[in-house]
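Asker: Turn this into a model:
(one chain, ligands or ions: 1)
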Amino acid sequence: MLLRAREVEEPRLDAMRAARVLAEAGALLAAELENEECMEPLLRLLVPTLADAGVFFLGPGGEAVRAAAAVHAEPARHALLVEMLRRYPPDPLDPRGLPALFLTGRTERVAELSDAHVETFTRDSEHARLFALLGVTRYLGVPLVARGRVIGALALFRSEEAPAFGDEEERVAEELARRAALALDNARLLREAREAVRLRDEFLGIASHELKTPLTPLHLKVQLLQKQVDVLAAHGKPVSAERVSETLDVVQRQVRKLTSLVDNLLDVSRITAGRLKLELEEMDLASVAAEILYRFAPSAAQLHCSLEMHAPVPVLGRWDRLRLEQVVTNLLSNALKYGAGQPVRLTVEADGRTARLTVEDGGIGISAQDLPRIFERFERAVSDRHYGGLGLGLYITRQIVEAFGGTVRATSALGHGSTFVLELPRGDIPDEWLSVPGAPEPVP
Ligand code: ADP
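Answerer: Numbering: from 1, shown residues only. Next up is the predicted model:
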């Protein structure tokens, strides 16, 4: 009671100053929406008005927890605080050194930090020694919560000469944290929205270019044929069937290319809308793969690239035939496209209830840095000046494979080829199909 009476008598932050702090904080947050540069000025509104030292921690939600800003009212101790945070940066895997409210999401107020308290948030004796040198004993920690998620924390400290934090001061700190969290979350949403728009615009540019590329030879060939037909007709001569057929070949190839581009785009919108439907039936993965490989024989020959297949036994399972063909086609066409003319090897095997298909090439490879993003939508690891493409094939592949309940992963090193491994559950099939060799044919 005595303590409370003293707090009421000597508030560090009376109602008018509190209102001013919150108004100034509002102005700062509105002005600096783009980045976290407002964190330190924000702390300077509170130190020394409300506290002798303060730290803004920002963190979870994909980002590492870090001390975004720190201020101590005394210059010498300010340097010490910054040094302590540099030497002992918060580590999400080691909750010591981090305000526990990251985990609880609740405000914490400690009138007098005991040795036991200090021990819980310092990592070793040196950390505790540095903390002791800061000369603070009173603590108020409030979480930064945005849309139900703790995105950071504000830790405020006072020296023992100052009164402990009071209820009203806690309310002001919470209000400021609420506004800061909202502004930071809005800034993040804005950044993400801008990035999405940038990606979409970049994609539209590439997509228009890709769709236009087959149109040019298509247009030229048809125009040329038209001219020849006109000239021959003018001289009353018949049109050579060979020439017409040659032109139609080119036309057909380019139309196929356009169709496949448009199909990919349609698949992406189907996947985004969650409308990827599978029609499961029994089939042999080895035969499906052999058939696709056979379709690639002419383009492989053109690239002087040898295609090898190793599939000693049938691998029966229940899958959607067209989607399975699409996945194998995507992997094989990439192996040829990025394969630098080196041999491409396709392997099909079974491991109990899992079917495995591997496509290995000795081509340009993918750097460790690019590898994690190639299965994402529109992501490419090559320049569009050297290789055309929309960056959708692997994205669609992964979505289909995951719809089958399987996985697809890649291992690669730049300049040393790539290996894509597909693992698919064989589905609800009779036990006797699992025993190889000599698995029986599926019942029609
Ligand atoms: P696209 O080939 O249309 O660009 P994909 O989604 O099929 O799109 O592939 C994404 C990216 O992954 C490619 O742009 C390329 O950088 C890389 N990639 C895919 N397969 C291979 C491969 N076999 N070898 C090297 N890079 C590959």
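
Asker: Kindly export stretch 165-182 (C-alpha atoms) in CSV.
Answerer: The C-alpha coordinates for stretch 165-182 follow below in CSV (Å, rounded to 0.1, in the frame of the first residue of the first chain):
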residue,chain,number,x,y,z
PHE,A,165,6.5,0.8,-12.7
GLY,A,166,2.8,1.6,-11.9
ASP,A,167,-0.5,0.4,-13.4
GLU,A,168,-1.0,3.6,-15.4
GLU,A,169,2.6,3.4,-16.8
GLU,A,170,2.0,-0.2,-17.7
ARG,A,171,-1.1,0.9,-19.6
VAL,A,172,0.8,3.6,-21.5
ALA,A,173,3.6,1.1,-22.4
GLU,A,174,1.0,-1.4,-23.6
GLU,A,175,-0.8,1.2,-25.7
LEU,A,176,2.5,2.3,-27.3
ALA,A,177,3.4,-1.4,-28.0
ARG,A,178,0.0,-2.0,-29.5
ARG,A,179,0.4,1.0,-31.9
ALA,A,180,4.0,0.0,-32.8
ALA,A,181,2.9,-3.6,-33.5
LEU,A,182,0.1,-2.4,-35.7
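
Asker: let's number from 375 now, not from 1
Answerer: Fine by me, first position is 375 from now on; the one you just mentioned is stretch 539-556.

Asker: end-to-end on stretch 744-758?
Answerer: 15 Å (C-alpha to C-alpha, to the nearest Å).

Asker: Can you give me the buried ones in stretch 772-790?
Answerer: 772-775, 778, 780, 782, 784, 786 (16 or more other C-beta atoms under 10 Å). In this view, the C-beta of every residue, glycine as well, is placed from N, C-alpha and C.

Asker: what distance separates it from the centre of its chain?
Answerer: Relative to its parent chain, stretch 772-790 has a centroid offset of 15 Å by C-alpha atoms, centre = their mean, to the nearest Å.

Asker: quick one on the thing from earlier: mind checking which of the buried residues of stretch 772-790 land in helices?
Answerer: Counting by DSSP state H, the part of those found in helices is 772-775.

Asker: Please name every helix or strand in contact with whichever helix or strand A663 is part of.
Answerer: Taking DSSP states H and E as the definition, A663 sits inside helix 659-676. The contact analysis (3 or more C-beta pairs under 8 Å, 6 or more residues apart in numbering; DSSP states H and E) places helix 659-676 against strand 681-684, strand 690-694, helix 695-711, strand 718-725, strand 728-735.

Asker: Take the ones you listed and lay them out in JSON lines including mean neighbour count and distance to the ligand.
Answerer: Shown next, in JSON lines, are these (neighbours: other C-beta atoms under 10 Å; distance: least, C-beta to the nearest ligand atom, whole Å):
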{"stretch": "strand 681-684", "mean neighbour count": "14", "distance to the ligand": "14"}
{"stretch": "strand 690-694", "mean neighbour count": "22", "distance to the ligand": "20"}
{"stretch": "helix 695-711", "mean neighbour count": "21", "distance to the ligand": "3"}
{"stretch": "strand 718-725", "mean neighbour count": "20", "distance to the ligand": "9"}
{"stretch": "strand 728-735", "mean neighbour count": "21", "distance to the ligand": "5"}
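
Asker: Around the ligand, which positions in the stretch 625-774 of the chain sit nearby?
Answerer: By C-beta under 6 Å from any ligand atom, the residues of the stretch 625-774 of the chain that approach the ligand are 704, 708-709, 712, 735, 737-740, 748, 754-756, 763-769.

Asker: mind listing which of the residues you listed are in strands?
Answerer: D735 (DSSP state E).

Asker: What about the residues of the stretch 625-774 of the chain next to the ligand, which are in helices?
Answerer: 704, 708-709, 767-769.

Asker: Name the SS class of L514, please.
Answerer: Using DSSP: H, G, I helix; E, B strand; the rest coil, the structure places L514 in strand.

Asker: average pLDDT for stretch 415-430?
Answerer: The pLDDT scores in stretch 415-430 average 91.

Asker: meant to ask about stretch 513-520, not that
Answerer: 92.

Asker: what sits up against that stretch?
Answerer: 425, 430, 432, 473-476, 478-484, 487, 491, 524-531, 539, 543-544, 547-548, 551-552, 554-556, 558-559 (C-beta atoms under 8 Å, 6 or more residues apart in numbering).

Asker: now swap in stretch 765-783 and tell me
Answerer: By C-beta under 8 Å, 6+ apart, the list of residues contacting stretch 765-783 reads 577, 580, 638-639, 641-642, 645, 650, 652, 693-694, 697-698, 700-701, 704-705, 707-708, 748-754, 794-799.

Asker: Let's see that with 6 Å instead.
Answerer: Here stretch 765-783 makes contact (C-beta atoms under 6 Å, 6 or more residues apart in numbering) with 638, 641-642, 645, 650, 652, 697, 701, 704, 748-749, 751-754, 795-799.

Asker: ok, of the residues you listed, which come out buried?
Answerer: Buried among those (16+ other C-beta under 10 Å): 638, 641-642, 645, 650, 697, 701, 704, 748-749, 751-752, 754, 795-799.

Asker: other SSEs contacting the helix of greatest length in the chain?
Answerer: The helix that spans the most residues within the chain, counting by DSSP H, is helix 541-608. Judged by 3 or more C-beta pairs under 6 Å, 6 or more residues apart in numbering; DSSP states H and E, helix 541-608 is in contact with helix 389-405, strand 512-520, helix 615-646.

Asker: what angle do it and strand 512-520 make?
Answerer: Inter-element angle recorded for helix 541-608 and strand 512-520: 30 degrees (by axes from the mean of the first three to the mean of the last three C-alpha atoms, to 10 degrees).

Asker: what angle do helix 541-608 and helix 389-405 make?
Answerer: 10 degrees.

Asker: contacting residues around E542?
Answerer: E542 sits in contact with no residue, where contact means C-beta under 6 Å, 6+ apart.

Asker: tell me the pLDDT at it?
Answerer: pLDDT, read off for E542, is 90.

Asker: Next: V603.
Answerer: The predicted local confidence for V603 is 88.

Asker: what do you get for L578?
Answerer: 84.

Asker: What of R440?
Answerer: So R440 comes in at 84 (pLDDT).

Asker: Leaving out chain neighbours, which residue sits closest to the residue of the stretch 425-574 of the chain found nearest the ligand?
Answerer: Going by C-beta to the nearest ligand atom, the ligand is nearest to L573 of the stretch 425-574 of the chain, at 14.3 Å. The spatially closest residue to L573, leaving aside those adjacent along the chain, is F752, at 6.0 Å (C-beta to C-beta, 6 or more residues apart in numbering).
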